[in-house]
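In: only the shape, not the letters, is given here:
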Ligand code: HPA
């Protein structure tokens with residue numbers, strides 16, 4: 001038995017005491033993308049500081065509220081602002097909110113993140129649906145499933161070959177096409193950060209087969225799939241990776257937040273459409 005299990009229950013009890021909503025869909029909102037939770041109707045907002053065990057964001061662009069409400073007829077719980085490995089949290093702490101959502105009864109997890117685009121033809125503001133990932137921290141020991149397996153969530157050796165639900169991806173692509181929104185599909189590589197990559201690292205990640213690079217999401221996906229939760233994930237391309245040492249350009253967090261704000265309306269349209277089709 002995982003020693004954190006009771007902590008998930010305690011946090012879930014506090015949420016149930018504060019909101020009558022029984023969410024079926026979990027939403028994790030990345031850097032600069034927290035505004036998506038504003039679209040929820042009949043909202044109950046809970047500060048993460050009221051939730052025992054909940055990890056608190058130390059980064060600008062992550063508000064730290066949990067919002068429950070309705071979106072396109074679905075009952076949703078949205079985590080505004082996640083925490084990251086580079087903040088010093090363990091991967092188990094990072095995935096705590098997702099495991100609480102699972103305790104609340106969530107069956108579908110939708111994740112968003114800000115990412116650097118590795119494809120030279122992609123632009124800042126583009127959207128990429130994840131169809132697979134490379135979890136570099138997870139493959140090298142920083143994996144939230146390390147340690148005793150909690151059988152109440154899932155098996156010791158979960159498969160990851162269908163990490164990103166095919167039907168949900170198809171729906172997202174259909175919605176985007178119908179709305180005239182360009183939605184790329186590709187492989188997300190998770191790195192620990194916090195520094196942005198060197199040009200040599202960018203070229204290495206491209207050769208590995210990645211299309212976008214970011215500092216989150218894979219940890220949560222691993223835990224969700226361990227528990228058999230269906231996953232949909234979308235990256236907002238907030239900057240185009242710099243692959244050349246003589247470039248005058250430099251990635252910055254300000255650029256990431258600004259681009260994030262700009263793409264929220266399109267991301268909202270796509271996710272609303274997916275939720276509508278779930279009904
Ligand atoms: N690299 C890693 N993480 C990121 C980036 C990036 O370029 N942009 C947003 N998150």
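Out: Structure's in. What do you need? On a predicted model such as this, the values are computed, not experimentally measured, just so you know.

In: SS state for the nearest residue to residue 98 once chain neighbours are set aside?
Out: Excluding the flanking residues, the one nearest residue 98 by C-beta to C-beta, 6 or more residues apart in numbering is residue 220, at 4.8 Å. Any C-beta I mention is one placed from the backbone N, CA and C, and that applies to glycine too. Judged by DSSP: H, G, I helix; E, B strand; the rest coil, the three-state class of residue 220 is helix.

In: show me the contacts for residue 220.
Out: Counting by C-beta atoms under 8 Å, 6 or more residues apart in numbering, residue 220 touches 28, 82, 94-95, 98, 109, 111.

In: list the ones among the residues you listed that fall in helices.
Out: Per DSSP state H, helices hold the following members of the contacts of residue 220: 94, 98.

In: looking at the contacts of residue 220, state which has the most neighbours.
Out: Highest neighbour count within the contacts of residue 220, by other C-beta atoms under 10 Å: residue 82, with 29 neighbours.

In: that residue reaches residue 33, doesn't it?
Out: No: counting by C-beta atoms under 8 Å, residue 33 is not a contact partner of residue 82; they are 10.2 Å apart.

In: packing partners for whichever strand or helix holds residue 6?
Out: Element membership for residue 6, per DSSP states H and E: helix 5-18. With contacts defined as 3 or more C-beta pairs under 8 Å, 6 or more residues apart in numbering; DSSP states H and E, helix 5-18 has these neighbours: strand 41-47, helix 96-104.

In: make TSV out of the ones you listed and add mean pLDDT.
Out: Listed next are the helices and strands packed on helix 5-18 as TSV, based on pLDDT from 0 to 100:
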stretch	mean pLDDT
strand 41-47	95
helix 96-104	97
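
In: reformat these as TSV; add distance to the ligand.
Out: Converted to TSV, the helices and strands packed on helix 5-18 look like this (distance: least, C-beta to the nearest ligand atom, whole Å):
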stretch	distance to the ligand
strand 41-47	25
helix 96-104	19
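
In: what's the most buried one of those?
Out: helix 96-104 (a mean of 24; mean count of other C-beta atoms under 10 Å).

In: what parts of the stretch 51-200 of the chain come near the ligand?
Out: 114-116, 191, 193, 196-197 (C-beta under 6 Å from any ligand atom).

In: by neighbours, which of the residues you listed wins?
Out: Ranked by neighbour count (other C-beta under 10 Å), those have residue 115 at the top, with 31 neighbours.

In: wait, is it part of a strand?
Out: Yes: under three-state DSSP, residue 115 falls within a strand.

In: doesn't residue 128 make contact with it?
Out: Yes: applying C-beta under 8 Å, one finds residue 115 in contact with residue 128, separated by 7.0 Å.

In: which residues do these two both contact?
Out: 188, 212, 235, 237.

In: in contact with residue 134, which residues?
Out: Counting by C-beta under 8 Å, 6+ apart, residue 134 makes contact with 187-190, 208-210, 218.

In: make it 6 Å
Out: Neighbouring residues of residue 134 by C-beta atoms under 6 Å, 6 or more residues apart in numbering: 189, 210.
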